[in-house]
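Participant: Kindly return the folded structure for what I paste below:
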Amino acid sequence: MNKKELINSGKVKSVFTTDDDDKVIIEFRDDMTAGDGERKEVMNKKGAYNAVISAKIFKVLEENGVETQFIDLPEPDVMLARKLDMIPIEVIVRNIATGSLIRKYPIADGTRLEPPIVQMDFKADEYHDPMLNDSIIKALGIATQEEIDTLTEKALKINEVLKEFFADAGIILVDYKVEFGKDKDGNIILGDEISPDSCRLWDSETLDMLDKELFRKGKDDEVMEAYVEVYNRIIPDDEKVI
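Facilitator: Down below sits the predicted model:
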């Protein structure tokens, strides 16, 4: 299926229309950004690794009853997906306290969070993605209470599946963000990506970082090594395409 018009060009992905009005092509670029896009680098094959990792995760979630927009991966850095009207909310699930959580609240770094924290942020770079609550979401007209509850339920289901999936690969799922959209029938479906760009992943034994946090900390030369490590651990040999 051929791409047609550019719909959206974000910080690391570009979305195009196709011959089918209900499907889009998502190109994963090699861009790496931090600080609302203020810092940007290009890393060889980063887009392909994120796309393949995301595709694998989406397949695992589908097998466990979580509906996603994923359809196919015709090329390592190109995803064919269902067209969604994205909800401007980043749903963040935290299993271990670290990052911004410990900077803003009196919680010790590394504290295991049971139950996990579900946080929702307004996806808007111009406002620096502020945290939301149910009242603000409804005041902005972003989602109804029923939809907020659905987002929370789906995010926690994803957490259950992915904690086990990553644990089997010797990886701790520290936290992650997901985004959802509505299909043409109004159903809320998981979209965007789930990759080392959107997760905090630690090696189960060493607690070494295997995600974008390395870039945020200026360890640029370690980033792709970590992404490749995640790829090698979760992609079976017979499914490797890079």
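Participant: what helix or strand does Val161 sit in?
Facilitator: Using DSSP states H and E, the secondary-structure element containing Val161 is helix 145-167.
Participant: Okay, now the unreliable bits of this structure?
Facilitator: Residues of the chain meeting the criterion pLDDT under 70: none.
Participant: Now do the helices in it.
Facilitator: Ranges of helices within the chain are 46-63, 100-104, 134-140, 145-167, 213-216, 220-234, based on DSSP state H.
Participant: Which residue ranges make up the domains of this structure?
Facilitator: 6-82, 85-220 (automatic domain parsing).
Participant: Give me the distance between the residue most central in space within the chain and Leu151.
Facilitator: Most central in the chain under C-alpha atoms, centre = their mean is Ile194, positioned 3.2 Å from the mean C-alpha point. From Ile194 across to Leu151, the span is 15 Å (C-beta to C-beta, to the nearest Å). Heads up, the C-betas are built off the backbone N, CA and C, glycines and all.
Participant: what do you get for Asp30?
Facilitator: Spatial separation of Asp30 from Leu151 under the definition C-beta to C-beta is 30 Å.
Participant: Between the two, which is the more surrounded one?
Facilitator: Neighbours per residue (other C-beta atoms under 10 Å) separate Asp30 from Leu151, with Leu151 holding more: 22 against 17.
Participant: unless I'm mixing things up, the more buried one is touching Ile89, no?
Facilitator: Yes. Assessed by C-beta atoms under 8 Å, Leu151 is found in contact with Ile89 at 6.7 Å.
Participant: circling back: which of the residues in the helix holding Val161 are buried?
Facilitator: Taking 16 or more other C-beta atoms under 10 Å as the neighbour-count basis, helix 145-167 is seen to contain the buried residues 147-148, 151, 154-155, 158-159, 161-163, 165-166.
Participant: what do you get for stretch 29-44?
Facilitator: Applying a neighbour-count criterion of 16+ other C-beta under 10 Å, the buried positions in stretch 29-44 are 29-34.
Participant: measure it end to end?
Facilitator: Stretch 29-44 has its terminal residues 9 Å apart, counting by C-alpha to C-alpha, to the nearest Å.
Participant: Same question for stretch 84-93.
Facilitator: Comparing the first residue of stretch 84-93 with its last one, the separation is 22 Å (C-alpha to C-alpha).
Participant: how about Ile242, what does it touch?
Facilitator: By C-beta atoms under 8 Å, 6 or more residues apart in numbering, the contact list for Ile242 reads 45, 48-49, 52, 76, 231.
Participant: no no, Asn50
Facilitator: By C-beta under 8 Å, 6+ apart, Asn50 lies in contact with 12, 28, 193, 195-197, 227.
Participant: Look up how far Tyr49 lies from the closest residue to Thr152 other than its chain neighbours.
Facilitator: Take Thr152 and drop its neighbours on the chain: the residue closest to it by C-beta to C-beta, 6 or more residues apart in numbering is Val118, 5.3 Å away. Computed as C-beta to C-beta, the Val118 to Tyr49 distance reads 28 Å.
Participant: Nothing else from me, thank you.
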